[in-house]
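[1] how does the following fold in three dimensions:
(chains A and B)
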Amino acid sequence: MDAARSVGYISAMAEHDHDHNEGSNLSEMELRVRALETILVDKGYIESAALDRIVELYETKIGPHIGAQVIAKAWSDPGFRQALLEDASKAVGMLTEVGRVGDHLIAIENTPQLHNMVVCTLCSCYPTDVLGLPPTWYKSFAYRSRLVKEPRAVLADFGVALPAETEIRVWDSTAETRYMVVPMRPAGTEGWSEAQLAKLITRDCMIGAGLPKKPSEVA
Amino acid sequence: MDGVHDMGGMDGFGKVEPEPNEPVFHHRWEGRVLAMSRAIGVFRAWTIDTSRYAIELMAPSIYLTRPYYEKWFLRNQSLLIERGLIDADEVAAGRALRPAKNLTRGPFTLTDVEKVTKRGSYSRPAPAAARFKAGDRVRTKNIHPTTHTRLPRYARGRVGVVERLHGAHIFPDSVAAGKGEDPQWLYTVRFDAQELWGADADPQLKVSIEAFEPYLEHV
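    Numbering: from 1, shown residues only, chains lettered A, B, ... in the order given. From the prediction side, this is the model:
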């Protein structure tokens, strides 16, 4: 690509509205985005109904409830847990209630000695197929800069404290591989159904920034 | 490139601030930008690596201050113009002024949605045997290309251990430079935190990156 021309143009466009205050900038964004959509529709590249559907999918269908189902099954079914750790794309793809996920999904398991955490220091790579779109904090400069150096301080921002002797492993998603954390099953959940277990499993605990809920929190 | 996007290990960005019950999109236009980004993908006008590089090329003052999806919007608009799918005067006018050029397929419609809401495969046949195996000690190269790379600054010139092999993947450094997919072996390489951050680092911390073979050499 013609890099210099591209960046010059982006900068020029961004300067154009730089004098406006935050409030008018937001409404101006709405107008500018609508204008681009209009151009793409008029020229025959896209149909707006298809964009509506993508937004709806990410708002209602593709979210952390998928990952929670996967983890609940792994906690309940040792054969599935093994398959998940060996090839997560394949194992999750075989769950009919979840359906196909993209390639290169990798599940990494927490143990009493080891706590896994996932980050993308270079942009915002995230296991979207199983967790939906990343939350703002995952894309924040604070998380991206600090996690690889001081993960315990970052965990403290989430209200999580781990024993000093627990090893922390940070996975920086610098390629198209996508990592999801398999948290430890909380004590006191013996005999729970997968549907009950799934209620314990938060988005944050599948990225390593949190722990599953306590059984008393969902009872 | 040694850009501001390469944030691992930087100080000064403050606390991580999770937002309780965060919506998937904070403004309507954010969802439209995401959906347009996905939809335009079917025209194969650019790849994921090209689009990341376009964001890295933004001036630091823009990268650091513009909201996440505004950067996506600026990137989309810029690449659409650069690839000739739309024209700058149409952006200024807010509507299409002439028919699409070189339209190789019909519009992106509802039936195309599934294609772009699941990740595709970045694996390719390996061009040669892998140079490294699990357990090998390797050193990352001390490279500072002015173009796109996925080897973060904090992990250059460091000794680590190969932990996993992921087969050969599309090589982002090559794609973003317009030199084709040039598939390369991809490895997970694990470092002790003290190798990355010095003697004061958390002795119980390990950090891994996903490293393409050209980033690595035998120790």
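[2] look at B:Pro18 and give its secondary structure.
    For B:Pro18, the secondary structure call by DSSP: H, G, I helix; E, B strand; the rest coil comes out as coil.
[3] could you look up the SS state of the closest residue to it other than its chain neighbours?
    Spatial nearest neighbour of B:Pro18, chain neighbours left out: A:Trp137 (4.8 Å); criterion: CB to CB, 6 or more residues apart in numbering or on different chains. Where C-beta positions appear, they are placed from N, C-alpha and C, glycine not excepted. Following three-state DSSP, we place A:Trp137 in the helix state.
[4] ok, B:Leu186 next?
    strand.
[5] measure how buried residue 36 is and give me the count.
    Just going to use chain A. By other CB atoms under 10 Å in any protein chain shown, 22 other residues sit near A:Leu36.
[6] looking at chain B here, not the other one
    B:Met36: 24 surrounding residues under other CB under 10 Å.
[7] avg pLDDT for the strand or helix carrying B:Gly160?
    Assigned by DSSP states H and E, B:Gly160 belongs to strand B:159-169. For strand B:159-169, the mean pLDDT works out to 98.
[8] hmm, back to that, give me the pLDDT for the residue nearest to B:Pro18.
    Value for A:Trp137, per-residue pLDDT: 98.
[9] report the contact partners of it.
    When contacts are counted by CB atoms under 8 Å, 6 or more residues apart in numbering or on different chains, A:Trp137 touches A:143, A:209, B:16-19.
[10] among the residues you listed, which one has the most neighbours?
    The member of those surrounded by the most neighbours (other CB under 10 Å) is A:Tyr143, with 29 neighbours in all.
[11] next up, the contacts around the residue in chain B that chain A sits nearest to.
    Across chain B, the shortest distance to chain A (CB to the nearest CB) belongs to B:Arg119, at 2.7 Å. Each residue near B:Arg119 by CB under 8 Å, 6+ apart is listed here: A:101-104, A:128-129, A:176, A:178.
[12] kindly report the same for B:Glu181.
    Applying CB under 8 Å, 6+ apart, we find B:Glu181 in contact with B:124, B:170-171, B:174-175.
[13] the residue nearest to the spatial centre of chain B: what's its closest spatial neighbour, skipping adjacent residues?
    For chain B, the residue lying nearest the average C-alpha position, counting by CA atoms, centre = their mean, turns out to be B:Arg52 (4.4 Å). Of all residues beyond its chain neighbours, the one nearest B:Arg52 is A:Cys123 (5.6 Å), with distances taken as CB to CB, 6+ apart.
[14] is it true that the one you found touches B:Ile55?
    Yes: with contacts defined as CB atoms under 8 Å, A:Cys123 counts as touching B:Ile55 at a distance of 7.2 Å.
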